[in-house]
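Peer 1: give me a 3D structure for the following:
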Amino acid sequence: MAEKNNEVINARMDDLSLKQQNDTAQLASYLVANSRLERKEDIEDVVRVIQQQRQDDMRYLRQQFSDVNYNIRLASQQNERNLRKSDYNDASEQQVTE
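Peer 2: Next up is the predicted model:
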């Protein structure tokens with residue numbers, strides 16, 4: 001009888017061990033698949049953030065270039081006014097001395 005009980009116990013232990021191995025393998029597969037999905041989603045989020053940052057940077061740079069261009073045009077116009085004023089003053093001085 002004791003031998004029969006030991007055989008039943010050993011058989012159940014083997015079954016339990018096999019079931020536990022299968023359950024562990026399923027859990028590991030689920031975790032790996034889930035982790036891959038989460039990593040993929042995380043990477044996609046990072047890519048979206050980087051793309052948004054690049055777009056923001058490009059808008060900022062366009063604005064900076066526009067400001068520089070405006071300042072160059074403004075300085076050029078001011079320079080032209082100063083040259084005309086200088087030419088006018090030179091012409092006036094020549095008329096006075098004659």
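
Peer 1: does the spatially most central residue of the chain lie in a helix or a strand, and which?
Peer 2: Nearest residue to the geometric centre of the chain (C-alpha atoms, centre = their mean): I50, 1.3 Å. According to DSSP states H and E, I50 maps onto helix 2-97.

Peer 1: what's the spacing between that helix and its chain's center?
Peer 2: Taking C-alpha atoms, centre = their mean, to the nearest Å, one finds the center of helix 2-97 at 0 Å from the center of the full chain.

Peer 1: what's around L16, how many residues?
Peer 2: By other C-beta atoms under 10 Å, 10 other residues sit near L16. (C-beta placed from N, C-alpha, C; glycine too.)

Peer 1: give me the distance between it and I9.
Peer 2: According to C-beta to C-beta, to the nearest Å, L16 and I9 sit 10 Å apart.

Peer 1: where in the protein is pLDDT low?
Peer 2: Residues of the chain meeting the criterion pLDDT under 70: 90-98.

Peer 1: recalculate using a threshold of 80.
Peer 2: The model of the chain has pLDDT under 80 over residues 1-2, 87-98.

Peer 1: thinking again about what came up before, OK, contacts around the residue nearest to the centre of the chain?
Peer 2: By C-beta atoms under 8 Å, 6 or more residues apart in numbering, the contact set of I50 is empty.
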